[in-house]
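> My questions are about this predicted structure, shown below with the sequence.
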2 protein chains.
Amino acid sequence: MDRLSLNQISTKRWSVAEAVAGCAEAGVGWIGLWRDKVAETGLDRTARLVADHGLRVSSLCRGGFFTGFLPDGSLVDGIAETRTAIDEAVALGTDVLVLVVGGVVDNDLAGSRQRVADAVGELAPYARERGVRLGLEPLHPMQCAERSVLSTVDQAWTIAREHPADAVGVIVDEFHVWWDPDIEASIAQAAGRIVGFHVCDQLVPLTDTLLGRALPGDGPIDHRHLRACVEAAGYTGPIEVEVFNAELWARPGADALAAVVNAYRNHVV
Amino acid sequence: MDRLSLNQISTKRWSVAEAVAGCAEAGVGWIGLWRDKVAETGLDRTARLVADHGLRVSSLCRGGFFTGFLPDGSLVDGIAETRTAIDEAVALGTDVLVLVVGGVVDNDLAGSRQRVADAVGELAPYARERGVRLGLEPLHPMQCAERSVLSTVDQAWTIAREHPADAVGVIVDEFHVWWDPDIEASIAQAAGRIVGFHVCDQLVPLTDTLLGRALPGDGPIDHRHLRACVEAAGYTGPIEVEVFNAELWARPGADALAAVVNAYRNHVV
């Protein structure tokens, strides 16, 4: 239980204040925060709530979108936004900022990937100075077009390795990478660079590209196998349970958290 | 135009007889057939219709499901079904049978992949004797759980290379593999093994895991780039336009075929 972290998207109905109190009540010592939820509560107030409840923040989600647009197509300055997110991570006392790097522009996949690599190069020194590691999270290929031109752990590592290990790392999220025929080798290769491990299962068949996720144990993913892989690669940090699922979100927060804890105990550790 | 093939799923409303007549009318010389449509028309009658209209059959879709179940969860003997499909390919005068290899059983991805490799080994001699090449088609990772534990061209090639090139090859379908960071290298590696090239774009965002496809030009895929890759790898055979799209399917068959021809001319060649 000492490694379990509630990624707060799993209890989407809860505010930061409710999630923090809920974790303390349930004996969950870590929380993964989302910037939109933090903004609703206020940055300083969030930091105080976390500290007052004796929690630690496993990561802040998210920076990125370096190819210049959000999933809804609106324009964004991803580098400026990510600088702000780095500052917020510092204020919240976490050393990991999750990056969703952005989708394809002008049907130019190679060029879009280069933009991502360039942006990471520009931001890495800023993050490192502030004690924050940029966590490159490969997303499922079905989100390549509009969310992430990084689809595999190998791709993320290939960018990360160009920078100091205390500046840029890789997030392994099961939902996004479980299908990868090279996942074991890619995780082993990323030893020393893994800055987060997110667990989540998949609905079969996928009914929705965003919400088609499930609690660990409710899908085809072998969680203990993937946990063993990241541990063999030296990652012994917090394990976030991060589930986008409409049915889970409809439950009262405390029920959702209890389901998260049960799934973690029965299928992950 | 001499390489364009209508994959008949793109004109789903049409029977075999209508599709064959439509192709002849539109000057399309190739057709990719589906077994369910062939069964509705009859195998011998289909073969006669194709011959009478001077068409050639680029491929028959599909065999596979070697891990023992169909996408709806029902059980199937994939090896026996594929033997039948090989015989049907012979009767229809095509030398390519598309394989959808099957999904994950018992949360054992590695074991499921081994079952596929074993089944291909069992079937390859049978296919070769009959002059049919088994076309291993990697499907999009979002279909890994219930349809295909082969997600990349590299995986498909790794199985194919264990067998004679006139027995087992690889199908490159853009929709399924465009996002792959290794796609260029994987296609080059598969030189001499590519037995089909299917073009199709992707809706952004993906609204549906099966129907979220689009005509070439209506999504993020660079069709000329991928066509150049397969041609550099020696593939100069028919190019199937294979689009699962509810709006396209709602159109009268002749309109759908005209849209296929236009998309091919404007975005593929």
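Okay, I see it.
> Show me which residues of chain A are close to chain B?
For chain A, the residues in contact with chain B (CB under 8 Å from any CB of the partner chain) are A:71, A:103-104, A:107-109, A:113, A:140-146, A:151-152, A:154-155, A:178-181, A:202, A:204-207, A:209, A:212, A:219-222. Yep, even glycine has a C-beta here, placed from its N, CA and C like the rest.
> Do a quick rundown of the strands in chain A.
Assigned by DSSP state E, the strands in chain A fall at A:4-7, A:30-34, A:56-64, A:96-100, A:133-136, A:168-173, A:194-199, A:201-202, A:213-214, A:239-241.
> To B:G196, which of those strands lies closest?
If you check each of those against B:G196 by CB to CB, strand A:201-202 wins as the nearest, at 28.2 Å.
> Just to check, A:E137 is in contact with A:L97?
No. Using CB atoms under 8 Å, A:E137 is not in contact with A:L97, being 10.3 Å away.
> Spit out the residues that contact the two alike.
A:R62 (CB atoms under 8 Å, 6 or more residues apart in numbering or on different chains).
> Reformat the strands of chain A as JSON lines; add mean pLDDT, distance to B:V20 and mean neighbour count.
Below are those laid out as JSON lines (pLDDT from 0 to 100; distance: least, CB to CB, whole Å; neighbours: other CB atoms under 10 Å in any protein chain shown):
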{"stretch": "strand A:4-7", "mean pLDDT": "98", "distance to B:V20": "54", "mean neighbour count": "28"}
{"stretch": "strand A:30-34", "mean pLDDT": "98", "distance to B:V20": "55", "mean neighbour count": "25"}
{"stretch": "strand A:56-64", "mean pLDDT": "98", "distance to B:V20": "50", "mean neighbour count": "25"}
{"stretch": "strand A:96-100", "mean pLDDT": "98", "distance to B:V20": "47", "mean neighbour count": "27"}
{"stretch": "strand A:133-136", "mean pLDDT": "98", "distance to B:V20": "50", "mean neighbour count": "29"}
{"stretch": "strand A:168-173", "mean pLDDT": "98", "distance to B:V20": "47", "mean neighbour count": "27"}
{"stretch": "strand A:194-199", "mean pLDDT": "98", "distance to B:V20": "50", "mean neighbour count": "26"}
{"stretch": "strand A:201-202", "mean pLDDT": "98", "distance to B:V20": "40", "mean neighbour count": "23"}
{"stretch": "strand A:213-214", "mean pLDDT": "96", "distance to B:V20": "43", "mean neighbour count": "23"}
{"stretch": "strand A:239-241", "mean pLDDT": "98", "distance to B:V20": "54", "mean neighbour count": "27"}
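> Looking at these, which is nearest to B:L55?
strand A:201-202 (40.4 Å).
> That closest one packs against which elements?
Packing partners of strand A:201-202 (3 or more CB pairs under 8 Å, 6 or more residues apart in numbering or on different chains; DSSP states H and E): helix A:174-177, strand A:213-214.
> so can I have TSV of the ones you listed showing distance to B:R130?
Listed next are these as TSV, based on distance: least, CB to CB, whole Å:
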stretch	distance to B:R130
helix A:174-177	39
strand A:213-214	43
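> Ok, which of those comes nearest A:V230?
helix A:174-177 (9.7 Å).
> Other residues contacting that closest one?
Residues outside helix A:174-177 that contact it (CB under 8 Å, 6+ apart): A:137-140, A:151-153, A:183, A:186, A:198-202, A:213, A:221, A:223, A:226, A:242.
> Please report how far the residue nearest to A:A214 when sequence neighbours are not counted lies from A:V132.
Of all residues not flanking A:A214 in the chain, A:D201 sits nearest, at 4.1 Å (CB to CB, 6 or more residues apart in numbering or on different chains). With distances taken as CB to CB, to the nearest Å, A:D201 is found 29 Å from A:V132.
> repeat for A:R251
Counting by CB to CB, the gap from A:R251 to A:V132 is 33 Å.
> These two: which has the busier surroundings?
With neighbours defined as other CB atoms under 10 Å in any protein chain shown, A:R251 and A:V132 compare such that A:V132 has more, 24 against 16.
> hang on, isn't that one packed against A:E88?
No. Using CB under 8 Å, A:V132 is not in contact with A:E88, being 9.5 Å away.
> Using TSV, lay out the strands of chain A together with distance to B:S5.
Shown next, in TSV, are the strands of chain A (distance: least, CB to CB, whole Å):
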stretch	distance to B:S5
strand A:4-7	46
strand A:30-34	47
strand A:56-64	40
strand A:96-100	38
strand A:133-136	40
strand A:168-173	39
strand A:194-199	42
strand A:201-202	33
strand A:213-214	37
strand A:239-241	47
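> Name the residues that touch stretch A:201-212?
A:140, A:142-143, A:174-175, A:178, A:213-221, A:223, A:243-246, B:71, B:103, B:142-143, B:145-146, B:205-207, B:209, B:212.
> Just those residues: which are in helices?
Secondary structure of these is defined by DSSP state H; positions in helices are A:174-175, A:223, A:246.
> and the gap between the closest residue to A:D118 other than its chain neighbours and A:V177?
Closest residue to A:D118 apart from its sequence neighbours, by CB to CB, 6+ apart: A:F66 at 7.8 Å. Distance of A:F66 to A:V177, computed by CB to CB: 20 Å.
> can you check A:S186 too?
From A:S186 to A:V177 the distance is 8 Å (CB to CB).
> more neighbours, the two?
A count of neighbours by other CB under 10 Å puts A:V177 above the other of A:S186 and A:V177, at 27 against 23.
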